[in-house]
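K.L.:
Based on what follows, work out the 3D shape:
(2 chains)
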Amino acid sequence: LAKTTQPISMDSYEGQEVNITCSHNNIATNDYITWYQQFPSQGPRFIIQGYKTKVTNEVASLFIPADRKSSTLSLPRVSLSDTAVYYCLVVDDYKLSFGAGTTVTVRA
Amino acid sequence: EAQVTQNPRYLITVTGKKLTVTCSQNMNHEYMSWYRQDPGLGLRQIYYSMNVEVTDKGDVPEGYKVSRKEKRNFPLILESPSPNQTSLYFCASRTSGRGDGELFFGEGSRLTVL
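P.N.:
Got it, this is the predicted structure:
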């Protein structure tokens, strides 16, 4: 199971861009990198997934360098409702473990 | 509507009284999984199932059992609950276990064992 490391917490202000970097040094060739968002007492929700380079959707961008040993989730112009825990997940088999995630707090 | 449904959502029980938390998905997903969430520990996988009649242990399987007799259902069984199993439990499903694709989560079941 590829282990991931991400910061425990990050603070930001409304309107700013938030970048969360996840390290996954042991990522395997077939692994995808996936990010989830979780609000208190709710199940995690899929944000974005990528294999290499850059992926963008309506809520976030995912940057993956050529060596794929890290990835960065970028949340543009955050609002108070983006306060949540964000999990980086690297899937290399059926064991999908989430770790502790990064708690992002957005302040007014 | 595509969803993963867990029941009960809230349960208070006593040590040793067997209980089952049900999980059902309506997306014809092959892969299903159970997680527990405790403060500061993130989500830890208890058991997962790759398909009907195929299950395997996750990171924290002790004290739990599962079964997958039908594709849509994946119940979590606590044969003899103990206070250290007090937690928030999530069921999730996905098209398959490997590669790309998103996990769909249920709304969670908060269990308290006294």
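
K.L.:
Can you name the residues that contact residue A:7?
P.N.:
Residue A:7 sits next to A:20, A:21, A:102 when contact means C-beta atoms under 8 Å, 6 or more residues apart in numbering or on different chains. In short, each C-beta sits where N, CA and C put it, glycine included.

K.L.:
run the last query once more with 7 Å
P.N.:
A:20, A:102 (C-beta atoms under 7 Å, 6 or more residues apart in numbering or on different chains).

K.L.:
Just confirm yes or no for stretch B:20-36 near chain A.
P.N.:
Yes - with C-beta under 7 Å from any C-beta of the partner chain as the criterion, chain A is reached by stretch B:20-36 at residue B:33.

K.L.:
First-to-last residue distance for that stretch?
P.N.:
One end of stretch B:20-36 sits 14 Å from the other (C-alpha to C-alpha, to the nearest Å).

K.L.:
what about it, average pLDDT?
P.N.:
The pLDDT scores in stretch B:20-36 average 96.

K.L.:
Tally up the residues packed near residue B:74, please.
P.N.:
Using other C-beta atoms under 10 Å in any protein chain shown, the number of residues around residue B:74 comes to 29.

K.L.:
mind listing what the residue lying closest to it once chain neighbours are set aside touches?
P.N.:
Closest residue to residue B:74 apart from its sequence neighbours, by C-beta to C-beta, 6 or more residues apart in numbering or on different chains: residue B:32 at 4.0 Å. Counting by C-beta under 7 Å, 6+ apart, residue B:32 touches B:23, B:25, B:48, B:49, B:68, B:74, B:91, B:92, B:93.

K.L.:
Help me confirm that residue B:32 is found in a strand?
P.N.:
Yes - under DSSP: H, G, I helix; E, B strand; the rest coil, residue B:32 sits within a strand.

K.L.:
Can I get the contacts of residue B:32 in TSV including secondary structure?
P.N.:
Formatted as TSV, the contacts of residue B:32 follow (three-state DSSP):
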residue	secondary structure
B:23	strand
B:25	strand
B:48	strand
B:49	strand
B:68	coil
B:74	coil
B:91	strand
B:92	strand
B:93	strand
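
K.L.:
between those residues, which is closest to chain A?
P.N.:
Closest approach between these and chain A, by C-beta to the nearest C-beta: residue B:48, at 5.4 Å.

K.L.:
Could you check how many residues crowd around the nearest residue to that closest one once chain neighbours are set aside?
P.N.:
Excluding the flanking residues, the one nearest residue B:48 by C-beta to C-beta, 6+ apart is residue B:33, at 4.0 Å. When counting by other C-beta under 10 Å, one arrives at 29 neighbours for residue B:33.

K.L.:
What parts of chain B come near chain A?
P.N.:
When proximity is defined by C-beta under 7 Å from any C-beta, chain B lies next to chain A at B:33, B:40-45, B:48, B:50, B:56, B:58-59, B:90, B:97-100, B:102-103, B:105-108.

K.L.:
Which of these fall in strands?
P.N.:
With strands taken from DSSP state E, the overlap with these comprises B:33, B:42, B:43, B:44, B:45, B:48, B:50, B:56, B:90, B:105.

K.L.:
my guess is the second one meets residue A:98, correct?
P.N.:
To tie it back to what came earlier, the one meant is residue B:42. Yes - Residue B:42 lies in contact with residue A:98 (C-beta atoms under 7 Å); the separation is 4.9 Å.

K.L.:
Which one's more surrounded, the two?
P.N.:
Shown here are residue B:42 and residue A:98; by other C-beta under 10 Å, residue A:98 has more neighbours (22 against 17).
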